[in-house]
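Asks: below is the structure, and that's it, no one-letter string:
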C-alpha cells in the first residue's frame, strides 16, 4: 500500500503541474523545428511521404481491401507506438540534469513526453485523414470507434512511458535492444499485411499485442465495424500497464536519481 500511495502522490503532484509540462512540450516541438521554414508542418510531410511511398509501391495489393486506408491507419498507429516506446527508454537519462537538480515529480517528465508525442501525432493524424479522404474511404459513424481507440492509446501512453523509462534507467542497454526489436516488429506486425489465416504469420498476428492496437483503430475505418476482440484485449493490456507503472513508480521513484 505504501508503494501505491507513493505513486499516487507523484501522479497527483505531476498532474497539478500540467501548465509546466504542457508548456515544456510545446517548447520542445518548437525547438526541434527551430529556424526551419515550415516548422512542425514537417511532421505532416514526413508522414505523408512515408505512407504515400508504401501506398504507391504496394497499391496494387488486391488481397487487402481499401489498401490505402489500411496502410494509412496502420502506419499512423505503428509510428506513434514506435516513437513512444523507443523515446521513453532514454527519457530519464535525457532528463538527468533536471532530475538531479530539481524536486519535480517524475510524472512531470512522463507527461511532458506524452504531450509532446500527442502533438507530433496530431500532424500525422491530419495526414492520415487526408489520405483517407483522398482515396474516398467511406465515412461512417463507425469512425467514432476509431476516435475512442485513439483516446485509449493516449491513456496508455503515460503508463508505457513510465515502465520503459524506469527500465531504461536501470538497464541502459535496453535502448539498443528496443530500437532493434521495433525495427523488426514493423514486419512482424500487420501494418501492411492482413491476417493470413494459418501458419507462422497467423500466429504472429494472433499473439502480437500490437496487432490489436492497430486493429481497434483500423477496423472501424476500413471495415465499418466495432472490433470487440481488439478493444477487449487492448483494455486488458492498458489496465496491466497502469498497474505495473504504478508499482514501478511507487517502488523506484526515489531510487532513479541514484542510478542515473
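Replies: Great, that's in hand. Everything quoted here is computed from the prediction, not taken from an experiment.

Asks: which residues are in contact with the most centrally placed residue in the chain?
Replies: The structure's the chain has its C-alpha centroid closest to residue 81; by C-alpha atoms, centre = their mean the separation is 2.9 Å. Residues counted as contacts of residue 81 (C-beta atoms under 8 Å, 6 or more residues apart in numbering) are 153, 210, 213. Yep, even glycine has a C-beta here, placed from its N, CA and C like the rest.

Asks: measure it to residue 25 for me?
Replies: Distance of residue 81 to residue 25, given as C-beta to C-beta, to the nearest Å: 18 Å.

Asks: just residue 138 next, same as before
Replies: Distance from residue 138 to residue 25, by C-beta to C-beta: 35 Å.

Asks: when the two are compared, which one has more neighbours?
Replies: residue 25 (20 against 12; other C-beta atoms under 10 Å).

Asks: where does the more buried one fall, secondary structure wise?
Replies: Assigned by DSSP states H and E, residue 25 belongs to helix 18-32.

Asks: and if you look at residue 148?
Replies: helix 143-170.

Asks: packing partners for that helix?
Replies: Judged by 3 or more C-beta pairs under 8 Å, 6 or more residues apart in numbering; DSSP states H and E, helix 143-170 is in contact with helix 67-89, helix 91-94, helix 106-134, helix 174-188, helix 209-222, helix 228-252, helix 256-259.

Asks: residue 36: which of the ones you listed is closest?
Replies: With C-beta to C-beta as the criterion, residue 36 lies closest to helix 106-134 of the helices and strands packed on helix 143-170, at 13.5 Å.

Asks: point out where the stretch 151-260 of the chain drops to low pLDDT.
Replies: In the predicted model, the stretch 151-260 of the chain carries pLDDT under 70 at residues 196.

Asks: swap the cut-off to 90 and go again
Replies: 172, 185, 187-208, 222-225, 249-260 (pLDDT under 90).

Asks: do the same with the stretch 1-150 of the chain
Replies: Residue ranges of the stretch 1-150 of the chain with pLDDT under 90: 1-71, 93-105, 130-140, 142.

Asks: re the thing from before, narrow the contacts of residue 81 to those that are buried.
Replies: 153, 210, 213 (16 or more other C-beta atoms under 10 Å).

Asks: got the contact list for the second one?
Replies: Contacts here follow C-beta under 8 Å, 6+ apart; on that basis residue 210 touches 78, 81, 185, 189.

Asks: closest to residue 165 out of those residues?
Replies: residue 81 (15.5 Å).

Asks: so how far is residue 177 from the closest one?
Replies: In this view, residue 81 and residue 177 are 16 Å apart by C-beta to C-beta.

Asks: how about the contacts made by the closest residue in space to residue 28 that isn't next to it in sequence?
Replies: Spatial nearest neighbour of residue 28, excluding adjacent residues (C-beta to C-beta, 6 or more residues apart in numbering): residue 116 at 5.1 Å. With contacts defined as C-beta under 8 Å, 6+ apart, residue 116 is in contact with 25, 28-29.
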